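In: Coordinates only, no sequence provided:
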């Protein structure tokens, strides 16, 4: 088997065409969630940025993080979060991946991605930051912490969950959210979007109990 | 549309049954990649831990990160990385999600998850850390940095890519990796695994060019 694999070394990566390397290295981490971060500036201009780096940090307290490049596209997001202390994370479904992808274009400061990309802002009383009406799972967060990751010059933004809005049928009796029912989209690299479909559910893993797929008994 | 959504507040989350909350909050971030982190101790005991928090940090230099809970299951991973400075990240395909899930059981210190879970260690000359032979995409990394995230008491581990081993047909002319061809698995929450299938590919987003799905023209 090893012989049939292509080996790419660190030197190979450094010598590669920049776009080829961008595509390749951005694909290495596997399937990524696709979310829109919603914010509003102190001048009440809304902003949406598509992100594929949302990471679960803690369930109690409920904390989520995402990676922010400091000097590139989603700069408005970073500034707005600092101005208001608030942001939202909105799951992108397969129904509006083109609209979500379009938010990564370099729109002018005064232009809201909502209008430009054909998405609808939705406001809840607990936050000034806009949610995305089209999203099947919307999370309102309060900014908590940030960390500069020196090696990559990126910033990990950390927020605490204030409220969640989700299609009720998507939560099962155990609290699990059905991503297939929500038509959650995935992303590989920078621009290839995927559908997801359920494959297996296993019990909590214990020694001497090889996991059996519970979906096969349904 | 808003009326049909279920609202869950921060207070609701705090009052929930612990397992229900674990399942729910771990599902909020959407589809997650599934990888096995391979390490070896200074006493040459190998370790595998399934992780769903790998995050892209930078393409040049090529850097990946993952979240490590400091005092829970993958403690061997953390200790081994500090002992050797090396680890591997191995994509989990739909062919061995049960084996990968089983690595999260609490095996004894002296027991390697490779043997216990029916997976095959594979060594390359550039690292002592084992790869997973069954994996369609294996990445050898050098440990670079770690960050304690105070709010969640988790640690972001950062590594630089030393080499990549991938099925050659899976990389297209632009450097993009085909996750469907690799049968990459996704994860929701703690124990529901998903298949992924290609939905759309869009060009780099530019103002006044609403993204068109390039897969429709193939």
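Out: Perfect, thanks for sending it. From a predicted model like this one, the values you see are computed outputs, not experimental measurements.
In: My guess is residue A:101 contacts residue B:205. True?
Out: Yes. Taking contacts as CB atoms under 8 Å, residue A:101 lies within contact range of residue B:205: 5.7 Å. (Glycine included, C-beta is placed from N, CA and C.)
In: With neighbour numbers in mind, choose between the two.
Out: More neighbours surround residue A:101 than the other of residue A:101 and residue B:205, with 27 against 22 (other CB atoms under 10 Å in any protein chain shown).
In: quick one: is the helix or strand where the more buried one lies near chain B?
Out: Assigned by DSSP states H and E, residue A:101 falls within helix A:97-102. Yes. Part of helix A:97-102 sits near chain B under the criterion CB under 8 Å from any CB of the partner chain, namely A:97-98, A:101-102.
In: most neighbours, which of the residues you listed?
Out: Most surrounded of the residues of helix A:97-102 next to chain B: other CB under 10 Å gives residue A:101, at 27 neighbours.
In: For it, give its distance to residue A:141.
Out: Separation of residue A:101 from residue A:141 (CB to CB, to the nearest Å) stands at 23 Å.
In: need the helix or strand of chain A with the lowest average pLDDT.
Out: Every helix and strand in chain A was compared by mean pLDDT, DSSP states H and E; the lowest is helix A:75-84, with a mean of 93.
In: Enumerate the positions of that helix that are buried.
Out: A:76-78, A:80-81, A:84 (16 or more other CB atoms under 10 Å in any protein chain shown).
In: What are the boundaries of the strands in chain A?
Out: A:6-9, A:32-33, A:35-40, A:46-51, A:55-59, A:62-68, A:86-91, A:121-122, A:131-132, A:137-149, A:154-166, A:185-188, A:192-201 (DSSP state E).
In: what's the span of stretch A:130-144, first residue to last?
Out: End-to-end span of stretch A:130-144 (CA to CA, to the nearest Å): 18 Å.
In: I meant stretch A:116-129, not that one.
Out: Note: stretch A:116-129 ends 18 Å apart using CA to CA.
In: Pull the distance from it to the chain's centre.
Out: 17 Å (CA atoms, centre = their mean, to the nearest Å).
In: pLDDT averaged over it, what's the number?
Out: The average pLDDT within stretch A:116-129 is 98.
In: That one and chain B in contact?
Out: Yes. Against chain B, stretch A:116-129 shows contacts by CB under 8 Å from any CB at A:116, A:122.
In: Mind listing what's buried along that stretch?
Out: In stretch A:116-129, counting by 16+ other CB under 10 Å, buried: A:116-117, A:119, A:121-124, A:127-129.
In: Give me the residues contacting that stretch.
Out: Applying CB atoms under 8 Å, 6 or more residues apart in numbering or on different chains, the set of residues contacting stretch A:116-129 from outside is A:36, A:38-40, A:46, A:48, A:80, A:84, A:86-88, A:96, A:99-100, A:102-103, A:105, A:107, A:112-114, A:130-134, A:138, A:140, A:162-163, A:165, B:2, B:207.
In: Please spell out the segments of chain A that come in under the pLDDT threshold.
Out: A:1-3, A:70-74, A:217-218 (pLDDT under 70).
In: Could you rerun that using 50?
Out: A:1-2, A:73 (pLDDT under 50).
In: ok now the helix holding residue A:101, how far from the chain's centre?
Out: So, by CA atoms, centre = their mean, the centroid of helix A:97-102 is 13 Å from its chain's centroid.
In: what helices or strands is it leaning on?
Out: helix A:113-117, strand B:192-201 (3 or more CB pairs under 8 Å, 6 or more residues apart in numbering or on different chains; DSSP states H and E).
In: quick one: contacts of it?
Out: A:34, A:36, A:50, A:92, A:113, A:116-119, A:134, A:185, A:191, A:193, B:199-200, B:202, B:205, B:210-213.
In: let's see 7 Å
Out: A:34, A:36, A:50, A:92, A:117-119, A:185, A:191, A:193, B:199-200, B:202, B:205, B:210-211, B:213 (CB atoms under 7 Å, 6 or more residues apart in numbering or on different chains).
In: Show the buried residues in these.
Out: Here, 16+ other CB under 10 Å leaves A:34, A:36, A:50, A:92, A:117, A:119, A:185, A:191, A:193, B:199-200, B:202, B:205, B:210-211, B:213 buried among those.
In: And these, which is closest to residue B:61?
Out: residue A:191 (22.2 Å; CB to CB).
In: Buried among the contacts of stretch A:116-129? Need that as a selection in ChimeraX.
Out: Those of the contacts of stretch A:116-129 that count as buried under 16+ other CB under 10 Å are selected in ChimeraX with:
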select /A:36,38,39,40,46,48,80,84,86,87,88,96,99,100,102,103,105,107,112,113,114,130,131,132,134,138,140,162,163,165
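In: how about residue A:189, what does it touch?
Out: Residue A:189 touches A:23, A:26-27, B:176-177, counting by CB under 7 Å, 6+ apart.
In: Of those residues, just say which sits nearest to residue B:149.
Out: Comparing these against residue B:149 with CB to CB picks out residue A:26 as the nearest, at 23.1 Å.
In: right, and the closest one touches residue B:57 too?
Out: No. The criterion here is CB atoms under 7 Å, and residue A:26 misses it with residue B:57 at 10.6 Å.
In: do stretch A:173-181 and chain B meet?
Out: Yes. If you take CB under 7 Å from any CB of the partner chain as the test, stretch A:173-181 does meet chain B, through A:174-177, A:179.
In: what comes into contact with stretch A:77-91?
Out: A:35-42, A:47, A:49, A:54, A:64, A:68, A:127-132, A:135-143, A:157, A:159, A:182, A:184, B:30.
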